[in-house]
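Q: Could you work out the structure for the sequence below:
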Amino acid sequence: MTVLNHLWSPPPKDLVLQSNGVHIWRANLNLATEQIEQLAQTLSTDEQQRADRFHFDQHRQHFIVGRGMLRTILSYYLNLEPHQLEFSYSTRGKPALVNIDSDEGLYFNLSHSNGLALYAVMPAGSIESAKENCSLGIDLEYMRPMPEAEKLAKRFFCPREYALISSLSPTLQQEAFFNGWTRKEAYLKATGDGLAGLEQVEVSLIPGEPAALLSIMGDWEAASQWSMYELIPSPSYAAALVVEGHGWQLHYFTVT
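A: Residues are numbered from 1 along each chain as shown. The predicted model follows:
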């Protein structure tokens, strides 16, 4: 399913997350020093230590804003202040809330690239069969010039995807490559287990065609259990969302 001209708007005052809803948030990571300092106050000790390990100021600031925005967004749905949220992490680094009652829980995922961040949030009770916080994944990439797109596709994509990319013009090759990369990464982030590699997840990637998960390790039936969405948060960016199940209602917000 492709989302082509959706509108991103500030959240309503009476923000409600329905059982079949997925909220997508877009945030600018390039903020004024005062705003960065305010968000830094919401971080946990381990997050502050992680921020301090970045060598470049911009990377450190983007981490602070990205994590501070995550806390801010999640606090909209919970009866807690941003600094009160506590996270645990999977072996692959995927965060999950730990100090929330199960009936108030949230599934969430985030991604950032070149000063922009995307967050996906849904109610934890929406998917009974899902593993802990493994029901959705989101990925975002800035579409920088990629002259080696065809070579990378040969290395990381499946043969059929590589053949498709090879048949395109250089401009379309790059767009198709980023389509494929973000859609594969979104699925791998949704599962969180690393059982399949990029080349084992087959997706649609031709520009203009609907986003779709075609097969997982050659199994089309397994792929049919997931929904895939193309997201367009800003020009020159590619993004994708993958959610277990079907019938989701997506809503798009901008952090204010």
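
Q: Ends of stretch 107-124, what's the gap?
A: By Cα to Cα, to the nearest Å, the extent of stretch 107-124 from end to end equals 5 Å.

Q: Tell me where the stretch 151-256 of the chain has helices.
A: For the stretch 151-256 of the chain, the helices defined by DSSP state H, counting those that start in this stretch cover 159-166, 170-191, 220-223.

Q: The stretch 1-150 of the chain too?
A: Along the stretch 1-150 of the chain, counting by DSSP H, counting those that start in this stretch, helices occupy 33-40, 45-52, 57-77, 149-156.

Q: buried stuff in the first one?
A: Right, the one you point to is helix 33-40. Ile36, Leu39, Ala40 (16 or more other Cβ atoms under 10 Å). In this view, the C-beta of every residue, glycine as well, is placed from N, C-alpha and C.

Q: quick one: it to chain centroid distance?
A: Between the centre of helix 33-40 and the centre of its host chain there is 24 Å, according to Cα atoms, centre = their mean, to the nearest Å.

Q: Tell me what angle that helix forms with helix 45-52.
A: Counting by axes from the mean of the first three to the mean of the last three Cα atoms, to 10 degrees, helix 33-40 lies at 140 degrees to helix 45-52.

Q: Helix 33-40 packs against which elements?
A: Counting contacts by 3 or more Cβ pairs under 8 Å, 6 or more residues apart in numbering; DSSP states H and E, helix 33-40 is packed against helix 57-77.

Q: Locate the residue of this structure with the greatest distance from its centre.
A: Residue farthest from the centre of the chain, counting by Cα atoms, centre = their mean, is Ser167 at 28.7 Å.

Q: residues in contact with that residue?
A: By Cβ atoms under 8 Å, 6 or more residues apart in numbering, no residues touch Ser167.

Q: Pull up the gap between it and Ala211, please.
A: Relative to Ala211, Ser167 is positioned 19 Å away (Cβ to Cβ, to the nearest Å).

Q: Buried deepest among the helices of the stretch 1-150 of the chain, which one?
A: Highest mean neighbour count among the helices of the stretch 1-150 of the chain (mean count of other Cβ atoms under 10 Å): helix 57-77, with a mean of 20.

Q: and it, how far from the chain's centre?
A: 14 Å.

Q: give me the beta-bridge partners of His251?
A: His23 (DSSP bridges).

Q: Poorly predicted segments of the stretch 51-200 of the chain, please.
A: 101-104, 126-134, 193-196 (pLDDT under 70).

Q: for Ala238, what are its contacts?
A: Leu140, Glu141, Met143, Glu175, Phe178, Asn179, Trp181, Thr182.

Q: For the residues you listed, could you give me TSV that also reports neighbour count?
A: Shown next, in TSV, are these (neighbours: other Cβ atoms under 10 Å):
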residue	neighbour count
Leu140	25
Glu141	21
Met143	18
Glu175	20
Phe178	24
Asn179	25
Trp181	24
Thr182	28
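
Q: which two in the residues you listed are spaced the farthest apart?
A: Greatest spatial distance among the contacts of Ala238 (Cβ to Cβ): Leu140 and Glu175, at 14.8 Å.
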